[in-house]
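Asker: Just a sequence and a predicted model for now, questions to come.
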Amino acid sequence: MQSGYRPEDFPRIAWRHGPLRLPLCEGVSLLVPDSMIAAQGADMRRFLEASGNRIEGRELAVAGPEDLRWFAIVSRAPAGTARRRAEWTEHFVEPDGRRSVLRTVVLPAGAELLQMEILSEEENASLAMQESELLLRSVEAELPRSWWWPPAAAAALAALWLLYRRRIGLADAKSDKT
């Protein structure tokens, strides 16, 4: 990560300005607010390479404020990651001596497990943490369409069983009276 990124530093990247909805994967999207920009596909890869970030093949999008004082790399979580929200922060020194912060957040999103890596320089870390919360909350996941029928079927069967048991109870009570 270099100091003072600006979108114009990356002229070959077609930044998309919010507000917009970025589809990330099946049933999961990222709502990019109006004060932020985002890139996907080849533009995202060009930005990651130009900013000195490793490309692992799991990346889905990059987003951040328009002045790029921090940015977030949204990707699928690595295989074997626990399926729960988790968060950790790492402080490190860049090769040129700048101090940087990497905040990683793992988010369950519907059937997917996403990872958001928020990179900032140390002096912008608290602002990046506050502003990135808006991006973290903007992940939308649709529930799979078929998720509802097993619980609905179980509830219907339970209701039918209770009605049956009640009818048997009423029939037994009637036969006891006669």
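Answerer: Sure thing, it's come through. Residues are numbered from 1 along each chain as shown.
Asker: Surely residue 142 is in contact with residue 110?
Answerer: Yes: look at residue 142 against residue 110 with Cβ atoms under 8 Å: they come within range, at 6.0 Å. For every residue, glycine as well, the C-beta is placed using N, CA and C.
Asker: Mutual contacts of the two, please.
Answerer: Counting by Cβ atoms under 8 Å, 6 or more residues apart in numbering, the residues touching both residue 142 and residue 110 are 27, 28.
Asker: and the two? which has more neighbours close in?
Answerer: residue 110 (17 against 13; other Cβ atoms under 10 Å).
Asker: Make sure the more buried one is actually in contact with residue 27.
Answerer: Yes: between residue 110 and residue 27 there is a contact under Cβ under 8 Å: 5.0 Å.
Asker: which residues sit in contact with residue 105?
Answerer: 85, 86, 87, 115, 116, 118, 136.
Asker: From what I see, the last one and residue 116 are in contact.
Answerer: Yes: checked against Cβ under 8 Å, the pair residue 136 and residue 116 is within contact range at 6.3 Å.
Asker: Tell me which of these two has more neighbours.
Answerer: residue 116 (23 against 19).
Asker: and that one, helix, strand or coil?
Answerer: Classification of residue 116 using DSSP: H, G, I helix; E, B strand; the rest coil returns strand.
Asker: tell me, which helix in the chain spans the most residues?
Answerer: helix 149-177 (DSSP state H).
Asker: just how off-centre is the least confident helix or strand in the chain by mean pLDDT within its chain?
Answerer: In the chain, no helix or strand scores lower on mean pLDDT, DSSP states H and E than helix 149-177, which sits at a mean of 78. Mean-position distance between helix 149-177 and its chain equals 43 Å (Cα atoms, centre = their mean, to the nearest Å).
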